[in-house]
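Colleague: Build the 3D model from these lines:
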Amino acid sequence: MGESITAAAPKAGKREWIGLAVIALPCLLYSMDLTVLHLAVLRLTAALAPSSVQLLWIIDIYGFLLAGSLITMGTLGDRIGRRRLLLIGAAFFGAASILAAFSRTPEMLIVSRALLGIAGATLAPSTLSLIRNMFHDPRERTTAISVWIMAFSIGGAIGPLLGGVVLQYFWWGAVFLISVPVMILLLAVGPFLLPEYRDPNAGTADVLSAALASAAVLSIIYGLKLIAQDGVSVAAALSVVAGLVIGTAFVRRQKQLADPLIDLRLFGIPTFRASLVLYGGAILLLFGAFLFLPQYLQLVLGLSPLVGGLWTLPWALGFVFGSLLTPALARRVRPAVLMSWGLALSAVGYFLLAAVGTGTGGLALFAVATFVLTFFGSPLFTLTNDVIIGSAPPERAGAASGISETCAELGGALGIAFFGSIGVAIYRGVLGGALPTGLPADVTHAALATLGGAVVAAQQLPGDTGAALLDTARDAFVRGLVLCQMISGIGSLALAVFAWATFRRVATSAR
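Modeller: Sure, this is the predicted structure:
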């Protein structure tokens, strides 16, 4: 999409394809580290006794600092070398993982998770921009990006499963040690298999621009996180507004600099802008859909974490198979058709999820719906990332990759805040009008707070009353889930129309 196929485009050799397998490993760990900690929360709480505020920071600070550092790290890779940054990041990621595993206080674990987030921010932009320089043929690059997307999908899927197995035999900190052997392997073979590339004309890095970019993203995501946890509040609104103001200052500064942190001319490319909208929008809808699914499997259907994790495998397999098929389809089907029809069929998955109930008999429908959703939606992620890095000049590929991943992080945070707020509002509204009479005030408060609180509260009540509370709470939760899936389905159809409108003039031969 970003360039035409010519005879001069060199083909990748064995070294490049082996190198692709190497850089897929940190991508797998990047997404795995976002999910693996959740299973260890109970054990680390017992071991470290963090306060509720400390526990929130232990869970959230990795994602916060990762999102806030992506643009800076992507641009830094363009300047000092993408392989060098990837290897530096891998070394720090491994060291921070060991520090997290052997943390003895909540403060130590918070610092370790913060370091992991900063180190993790080097992985995605570096690996995607390396693909830009390892695979010059557009068709081969599409295949490479499909593998890159697939690595993230597999990491997100096996995180809970692998974490569950590790926690069954080892202490809570062992979940962080999973990444150490992989990072050692990357450090050992990376210098031999991965090419180095940097911008030969890079100027001096603008520290103020980097600080503004990080502050803007962090402030917006923090505000969205507050909205997801506690609903709309003055503090949350101020945080988002502050982020937007800082972001405006960042953009103005880029226009004034001779060597900006981000080349704003990229946003003048229509397909680049459209790809960011589609990528971020699809992530927003996916996060909104997936937000309630783990709770649905464990708290509504009563499945164990391990069994619930197994039922999420169709979700990941849809991404894997869809990503594998995308390169072949992209050679035969126009991007507008592939993306718009994929999004339209993905909407069917959302609508099928809206048909789930409170009984385990719907697990087959759940599996089919999640597979359909991700299988047909996966081409979009490959094709939009292909456009994003293909549109950028080679010396700016790291910055473009950072923009792409920041867009994804913002989309995910917005999805959690938007759909989380809707789900909570529906849950509390339905449950508040249907609670069994005569419940103690503390039980009512706990039940209205979260479904998890309702499950715990129901266990403390006598038989019929507890069962009535549990049934009512589960029904209220499912109603919120259903509404959110319907919204995601409609949103996916809207993105399908947008994809067709913006890419209908892009021909297959451009791939």
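
Colleague: Which neighbouring elements make contact with the longest helix that the chain contains?
Modeller: For the chain, the longest helix by residue count, based on DSSP state H, is helix 463-503. Here helix 463-503 touches helix 270-290, helix 335-353, helix 397-432, helix 441-449, helix 451-459, going by 3 or more Cβ pairs under 8 Å, 6 or more residues apart in numbering; DSSP states H and E. Bear in mind the C-beta positions are built from the backbone N, C-alpha and C, glycine included.

Colleague: and if we set it to 10 Å?
Modeller: helix 270-290, helix 293-295, helix 335-353, helix 363-391, helix 397-432, helix 441-449, helix 451-459 (3 or more Cβ pairs under 10 Å, 6 or more residues apart in numbering; DSSP states H and E).

Colleague: chain center to it: distance?
Modeller: 19 Å (Cα atoms, centre = their mean, to the nearest Å).

Colleague: ok, now stretch 402-419?
Modeller: In terms of Cα atoms, centre = their mean, the gap separating the centre of stretch 402-419 from the centre of its chain is 8 Å.

Colleague: just stretch 339-359 next, same as before
Modeller: Distance of stretch 339-359 from its chain centroid, counting by Cα atoms, centre = their mean, is 20 Å.

Colleague: Which pLDDT value belongs to H38?
Modeller: Turning to H38, the model gives it a pLDDT of 64.

Colleague: gap between the closest residue in space to Y222 that isn't next to it in sequence and S214?
Modeller: Closest residue to Y222 apart from its sequence neighbours, by Cβ to Cβ, 6 or more residues apart in numbering: S239 at 5.2 Å. Taking Cβ to Cβ, to the nearest Å as the measure, S239 falls 14 Å from S214.

Colleague: Equivalent analysis for S97, please.
Modeller: From S97 across to S214, the span is 22 Å (Cβ to Cβ).

Colleague: And those two? Which one has more around it.
Modeller: Neighbour totals were compared for S97 and S214, and S97 leads with 25 against 22 (other Cβ atoms under 10 Å).

Colleague: follow-up on the earlier one: now the longest helix of the chain against helix 335-353, angle please.
Modeller: Put simply, helix 463-503 runs at 170 degrees to helix 335-353, going by axes from the mean of the first three to the mean of the last three Cα atoms, to 10 degrees.

Colleague: Which helix or strand contains G190?
Modeller: helix 179-193 (DSSP states H and E).

Colleague: Just the buried positions in the helix or strand following that helix, please.
Modeller: Sequence order places helix 207-230 as the next helix or strand after helix 179-193, per DSSP H and E. Residues 209-210, 212-229 are the ones in helix 207-230 that count as buried (16 or more other Cβ atoms under 10 Å).

Colleague: List the residues that contact F498.
Modeller: F498 makes contact with 274, 277-278, 281, 339-340, 343, according to Cβ atoms under 10 Å, 6 or more residues apart in numbering.

Colleague: most surrounded residue in these?
Modeller: Neighbour tally across those (other Cβ under 10 Å): the maximum, 31 neighbours, falls on M339.

Colleague: From what I see, that residue and A282 are in contact.
Modeller: Yes: between M339 and A282 there is a contact at 9.5 Å, judged by Cβ atoms under 10 Å.

Colleague: what sits in contact with each of those two?
Modeller: 377, 380-381, 384, 495, 499.

Colleague: picking that back up, possible to save the contacts of F498 as CSV with pLDDT?
Modeller: Converted to CSV, the contacts of F498 look like this (pLDDT from 0 to 100):
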residue, pLDDT
A274, 87
V277, 89
L278, 91
G281, 90
M339, 89
S340, 92
L343, 93
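
Colleague: So A434, which state does it fall into?
Modeller: Counting by DSSP: H, G, I helix; E, B strand; the rest coil, the backbone at A434 sits in coil.

Colleague: List the residues that contact it.
Modeller: The contact partners of A434, by Cβ under 10 Å, 6+ apart, come to 468-469, 471-473, 475-476.

Colleague: which of these count as buried?
Modeller: In the contacts of A434, the ones that pass as buried (16+ other Cβ under 10 Å) are 468-469, 472-473, 475-476.

Colleague: Would you format these as TSV with distance to V234 included?
Modeller: Output for those, formatted as TSV (distance: Cβ to Cβ, whole Å):
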residue	distance to V234
A468	37
L469	33
T472	32
A473	30
D475	33
A476	28
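
Colleague: Farthest pair within those residues?
Modeller: A468 and A476 (12.5 Å; Cβ to Cβ).

Colleague: Return every residue with contacts to both of the two.
Modeller: Shared contacts of A468 and A476, counting by Cβ under 10 Å, 6+ apart, come down to 434-435.

Colleague: quick one: S488 and V348 touch, right?
Modeller: No: at 11.5 Å, S488 and V348 do not qualify as touching, with contact defined as Cβ under 10 Å.

Colleague: Give me the more crowded residue out of those two.
Modeller: Shown here are S488 and V348; by other Cβ under 10 Å, S488 has more neighbours (28 against 16).

Colleague: contacting residues for that one?
Modeller: Counting by Cβ under 10 Å, 6+ apart, S488 touches 282, 284-290, 346-347, 349-351, 353-354, 373, 415, 419.

Colleague: could you redo the last one with a cut-off of 6 Å?
Modeller: Residues counted as contacts of S488 (Cβ atoms under 6 Å, 6 or more residues apart in numbering) are 285, 288-289, 350.

Colleague: One more: F287?
Modeller: With Cβ under 6 Å, 6+ apart, F287 has these contacts: 412, 415-416.

Colleague: Check what pLDDT it gets.
Modeller: Predicted confidence (pLDDT) for F287: 78.

Colleague: how close does the residue lying closest to it once chain neighbours are set aside get to G231?
Modeller: Excluding the flanking residues, the one nearest F287 by Cβ to Cβ, 6+ apart is G415, at 3.4 Å. Here G415 is placed at a distance of 16 Å from G231 (Cβ to Cβ).

Colleague: between those two, which one's more packed in?
Modeller: Counted by other Cβ under 10 Å, G415 and G231 do not tie: G415 has more neighbours, with 27 against 14.

Colleague: you'd agree that one is up against G281?
Modeller: No: in this structure, G415 is not within contact of G281 by Cβ atoms under 6 Å, at 9.4 Å.

Colleague: ok, L299 - how many residues close by?
Modeller: Number of residues near L299 (other Cβ under 10 Å) recorded here: 20.

Colleague: Which strand or helix spans T437?
Modeller: With DSSP H and E as the criterion, T437 is inside neither a helix nor a strand.

Colleague: what's the offset of stretch 100-114 from the middle of its chain?
Modeller: 23 Å.

Colleague: Between its first and last residues, what's the separation in that stretch?
Modeller: Stretch 100-114 has an end-to-end distance of 10 Å (criterion: Cα to Cα, to the nearest Å).

Colleague: Start at 11, not 1
Modeller: Taking 11 as the first residue, the last one we looked at is stretch 110-124.
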